[in-house]
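K.L.:
Provide a 3D model corresponding to the input given below.
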Amino acid sequence: MSNLAKIPVTVITGFLGSGKTTLIRHLMANPQGKRLAILVNEFGTVGVDGDILKSCADESCPVENIVELANGCICCTVADEFIPTIEALLALPNRPDHILIETSGLALPKPLLKAFDWPGIRSLITVDGVITLADAEAVASGHFAGELTQAQIDAGEHDTPLGEVFEDQIACADIVILTKADLAGEAGIAAARAVVEAEAAEKGRRLPILTMTEGVIDPRVILGLNAAAEDDLTNRPSHHDGEDGHEHDDFNSITIDLPEVVDPATLTAAIQRIATDLNILRVKGYVAVTGKPMRMLVQAVGTRVRTQYDRPWGSTPRASHLVVIAEQADIDEAAIRAVLGA
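P.N.:
Numbering: from 1, shown residues only. Presented below is the predicted three-dimensional model:
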């Protein structure tokens, strides 16, 4: 690639637990001869997604090409974090051919696109495309279409916080991928597709809608779109158009430190309980299990909990940390700790 050519950047967005990291792992394993760099933005202080991706590093995407920002919203720290990070990736001895950005699950993608007009980088990179992932089962079940509270109605709000994030992520997309298709089934996929099509049509957009299971998709379908999305902002409406910045106080996260876990099934049941009783949206982190030399990775979306032993603790302290994410009003730290046994 000529040094004068803009490096393409693919923005991968989607709600909490929609499968962004899983997709990026698949792209890392199938780089199509390209040297990749990855920027991961996390909502929460424990870097689970970045750690997972670094464990997959190889010649096409070495560890130094994977950068993690844990501030929750890179578009709010453009000058301090996003721009220096992009400049550092472009200054690597072996310049990347393609950059992947994994936004946090609560990110609004349009403000991020505006950052690509920053004078220091606008001549160096371009947004090849915005890929929005949507959990087909969650969309089909109406997860993003909750009812407003009376207080929200009185405040003049028209959408729930969950609904706003979902709608902005769809409205900014070049392609929408319905993930976890195996869990949703044909009926769920059809229902989710109808929701996405209706939402896109309301914003005056017609979008390709694909399906995916376990992150597997032909990279040629989503890379090389040449969308130049940073030049197409007017066609990507947002709930926050016209505002001077945007707030993130609808959601919050806390980190829970746990003692060693004797019975993983008991922990799984506790996570399901806080999802049901306390409206917790997402739980992720690492847990030390008594008698197990490997750490246990925990990934939960609502009541759907997945655990796996991913690697030995090695020199890393055997310490259990879980990031718990929910709407601000639902963060009751004492109640969460009590259920989880912290």
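
K.L.:
Tell me how many other residues crowd Arg311.
P.N.:
Neighbour count of Arg311, defined by other CB atoms under 10 Å: 13. Using the backbone N, CA and C atoms, a C-beta is placed for each residue, glycine as well.

K.L.:
For it, give me the pLDDT.
P.N.:
Predicted confidence (pLDDT) for Arg311: 88.

K.L.:
ok, now the one 10 residues further on?
P.N.:
According to the prediction, His321 has pLDDT 93.

K.L.:
what residues go with each domain of this structure?
P.N.:
Annotated domains of the chain cover 7-235, 251-340 [automatic domain parsing].

K.L.:
Tabulate those (TSV), appending distance to Asp241.
P.N.:
Output for those, formatted as TSV (distance: least, CB to CB, whole Å):
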stretch	distance to Asp241
domain 7-235	8
domain 251-340	20
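
K.L.:
Would you mind finding the most buried of the ones you listed?
P.N.:
domain 7-235 (a mean of 19; mean count of other CB atoms under 10 Å).

K.L.:
how far does that domain stretch from start to finish?
P.N.:
End-to-end distance of domain 7-235 (CA to CA, to the nearest Å): 23 Å.

K.L.:
Tell me which residues are up against the strand or helix carrying Gly185.
P.N.:
Per DSSP states H and E: Gly185 is located in helix 181-202. For helix 181-202, contacts defined as CB atoms under 8 Å, 6 or more residues apart in numbering pick out 134, 136-137, 139-141, 145, 166-167, 170-171, 173, 176, 178, 206-207, 209, 211-214, 304.

K.L.:
Now the element after that helix, going C-ward?
P.N.:
Sequence-wise, the next helix or strand downstream of helix 181-202 (DSSP H and E) is strand 209-211.

K.L.:
Adjacent strands (with direction) for that following strand?
P.N.:
strand 175-179 (parallel) (DSSP bridges).

K.L.:
could you check the angle helix 181-202 makes with the partner strand?
P.N.:
150 degrees (axes from the mean of the first three to the mean of the last three CA atoms, to 10 degrees).

K.L.:
and strand 175-179, how far from the chain's centre?
P.N.:
In terms of CA atoms, centre = their mean, to the nearest Å, the centre of strand 175-179 is found 13 Å from the chain centre.

K.L.:
ranges for the helices of the stretch 51-200 of the chain?
P.N.:
Using DSSP state H, counting those that start in this stretch, the helices found in the stretch 51-200 of the chain span residues 83-90, 109-115, 136-140, 150-154, 161-171, 181-202.

K.L.:
Out of those helices, which is closest to Asp231?
P.N.:
helix 109-115 (9.4 Å; CB to CB).

K.L.:
Now do the closest one: which elements does it pack against?
P.N.:
In terms of contacts (3 or more CB pairs under 8 Å, 6 or more residues apart in numbering; DSSP states H and E), helix 109-115 is packed against strand 7-14, strand 125-135, helix 161-171.
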